[in-house]
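Asker: Here is a sequence together with a model predicted from it:
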Amino acid sequence: MQPRLNFTALSGICLMGLSACGGTAATPVRDLPPGSAEYSRTSIPPTPQEEEVHRGEIQRNINIGVMLPLSGPDASVGQALLNAATLALFDSEDRRLHIIPVDTKGLASGAEEAMQDLIKHKPDLIIGPLFSENIAVVKPLAQQENIPVIGFSSDHNVAGHGTFLLNFRPEEQIRRIISYASEKGYGKFAALIPETRYGSRTLEIFGPTVMAEGKQVLSVEYYPPDQELLFDPVKKIANHKQRRKEYLDEVAFLDSLGEEDDLAHEMREEIKNIEVLRDVEFDAILLPEGGALLRTIAPLLAFYEIDPAHIKVLGTGLWDDEMLVHEPQLAGGWFSAPEHDGSTKFLIRYQEIFDQKAPRIATLGYDAMALAATIVRQQKVADFSIENLSDSNGFIGLDGIFRFNANGLIERGLAVYEVSKDGFSIISPAPKSFIRTDEAEVAAEDYSEPASLADLPLKDDRPFPYNPVHKVASGPQDP
């Protein structure tokens, strides 16, 4: 049973926007569970005072379609996104806005059916779907009806032509962490890349980013997403076989000099407790992994003599997991992710209201609805045009500043964190605005070419929010 809202807690977070937050707490308009048909589809006309303030022709109902998996294996995630969007609706204090939720069931066929139902209600904007195969079905229908879409998939192939993706892109996380490491003097990079779609996106951006910084890529190895098959890839990138051979050759040479050779004896004593003679050639290694696989890879680095005391270990937002503070091999490592202040407050608030923990991705549901409310705040008639949705100034969300490019891809301001046994600390804050000098470079990004990894498997058990997993009969798929 869905919990009833505690309306006294609904005004704890200000609506996003580059202007300052303010205003009084929202007054509840109806004591019904958010997402219910009666709540979502009942018109609440503007007051006479609002009519007087606006003057002229006013769109009395701005309908926001929300397409999410509200049944099936991903229903809990879909419901959390809907709950979060509903909180943003109340925080907006704009009684013209109405949510119309429809259930995609997490399937392409379900998304098509839900879209046909949603079109009857003439939505001004669609929030969702969650998965790329759902968006691919919805997108052409939305184009025919001239309805913009804000989906949550991380698959860039479904973006553009009025479809925007509100997500956490691995590309910009990698760009941020490589750029920061380069600024701090690291110049010889390696990477362990998972043989997944997430890995393919990592591969596309890793090499060009390193080269753009004027640095070197010395080694790249790939591994299957299987804990039992990680040893060999880590051993290879460590060049452990060759380094171990060099050590054994040195020992054999020193032994050949005989026990009477004092210098040889002294050198044997110096190296008797080590496994290899030298460090790896790279000084930084990227591990775009999370969860159980990262916790398996981390100790293997030390096992194969990649010393984190000398080699900087780098990660993406997949590292944003409090369990990693218990991995000593990752201590001192750096990763890029949104700053936590807004999302942490929201997740606490969500749990207080709904009496359950929200998945990390729930912030996207809030930000999508808050973005819609921000755009129409000063409008008599809703205008969710590409120009408005891709405002170059951007918006402030629960996860910091963000903006959409005209191609539908998101750009975020990210922080760099350092891992320690006491938690994560920010060592490079996220930017507070999009004032920058490399606009031409951003506009020139081309993601049309496929990754060079051939026949990538669909299996991928990456956690939310950075790479949500859609489990279907044939196995998990990326959104």
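Answerer: Thanks, I have the structure now.

Asker: does residue 89 belong to a helix or a strand, and which?
Answerer: For residue 89, the host element (DSSP states H and E) is helix 75-92.

Asker: Quick one: list the elements packing against that helix.
Answerer: strand 62-68, strand 97-103, helix 341-354, helix 362-376 (3 or more C-beta pairs under 8 Å, 6 or more residues apart in numbering; DSSP states H and E). Every residue, glycine included, has its C-beta placed from N, CA and C.

Asker: Please identify the buried residues of the third one?
Answerer: Within helix 341-354, the residues that qualify as buried are 342-343, 346-347, 349-350, 353-354, counting by 16 or more other C-beta atoms under 10 Å.

Asker: Now tabulate these in CSV and tack on distance to residue 103 and pLDDT.
Answerer: Shown next, in CSV, are the buried residues of helix 341-354 (distance: C-beta to C-beta, whole Å; pLDDT from 0 to 100):
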residue, distance to residue 103, pLDDT
342, 29, 93
343, 26, 94
346, 24, 96
347, 24, 95
349, 26, 96
350, 21, 96
353, 22, 95
354, 19, 95
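
Asker: SS state for residue 293?
Answerer: Local secondary structure at residue 293 is given as helix here, using DSSP: H, G, I helix; E, B strand; the rest coil.

Asker: can you pull the contacts of it?
Answerer: 194, 225, 227, 230, 461 (C-beta atoms under 8 Å, 6 or more residues apart in numbering).

Asker: for the residues you listed, which one is nearest residue 337?
Answerer: Nearest to residue 337 out of the contacts of residue 293 is residue 194 (C-beta to C-beta; 18.1 Å).

Asker: So what pairs up with the closest one in the strands?
Answerer: With DSSP bridges as the criterion, residue 194 is bridged to residue 223.

Asker: From residue 169, how far off is it?
Answerer: For residue 194, the distance to residue 169 equals 16 Å [C-beta to C-beta, to the nearest Å].

Asker: Please identify which of the two sits among more neighbours.
Answerer: Counting neighbours by other C-beta atoms under 10 Å for residue 194 and for residue 169 shows that residue 194 has the greater number, 28 against 21.

Asker: Contact partners for the residue nearest to residue 415 when sequence neighbours are not counted?
Answerer: In space, and not counting its chain neighbours, residue 415 is closest to residue 430: 4.2 Å by C-beta to C-beta, 6 or more residues apart in numbering. Shown in contact with residue 430 (C-beta under 8 Å, 6+ apart): 338-339, 400-401, 413-415.

Asker: and the helix holding residue 89, how far out from the chain's middle?
Answerer: Relative to the chain's own centre, helix 75-92 is displaced by 18 Å; criterion: C-alpha atoms, centre = their mean, to the nearest Å.

Asker: so what's residue 327 closest to, chain neighbours aside?
Answerer: Using C-beta to C-beta, 6+ apart and skipping residues adjacent in sequence, the residue nearest residue 327 is residue 298, 4.7 Å away.

Asker: So what's the residue count around the one you found?
Answerer: 22.

Asker: My understanding was that it contacts residue 329; is that so?
Answerer: Yes: under the criterion of C-beta atoms under 8 Å, residue 298 makes contact with residue 329 at 4.1 Å.

Asker: between these two, what contacts are shared?
Answerer: Common contact partners of residue 298 and residue 329 (C-beta under 8 Å, 6+ apart): residue 313.

Asker: among the contacts of residue 293, which are in strands?
Answerer: Secondary structure from DSSP state E places residue 194 of the contacts of residue 293 in strands.

Asker: Figure out how far whatever helix or strand residue 199 lives in is from the centre of its chain.
Answerer: Counting by DSSP H and E, the element that carries residue 199 is helix 197-212. Its chain's C-alpha centre and that of helix 197-212 lie 16 Å apart, by C-alpha atoms, centre = their mean.

Asker: What does the closest residue to residue 371 other than its chain neighbours show for phi and psi?
Answerer: Excluding its sequence neighbours, the residue lying closest to residue 371 (C-beta to C-beta, 6+ apart) is residue 395, at 5.8 Å. Dihedral pair for residue 395: phi -140, psi 160, per degrees, to the nearest 10.

Asker: Same check on residue 74?
Answerer: Here is the backbone geometry of residue 74 (degrees, to the nearest 10): phi -110, psi 20.

Asker: What's the end-to-end length of stretch 156-176?
Answerer: One end of stretch 156-176 sits 19 Å from the other (C-alpha to C-alpha, to the nearest Å).

Asker: And for stretch 328-337?
Answerer: Stretch 328-337 has an end-to-end distance of 20 Å (C-alpha to C-alpha).
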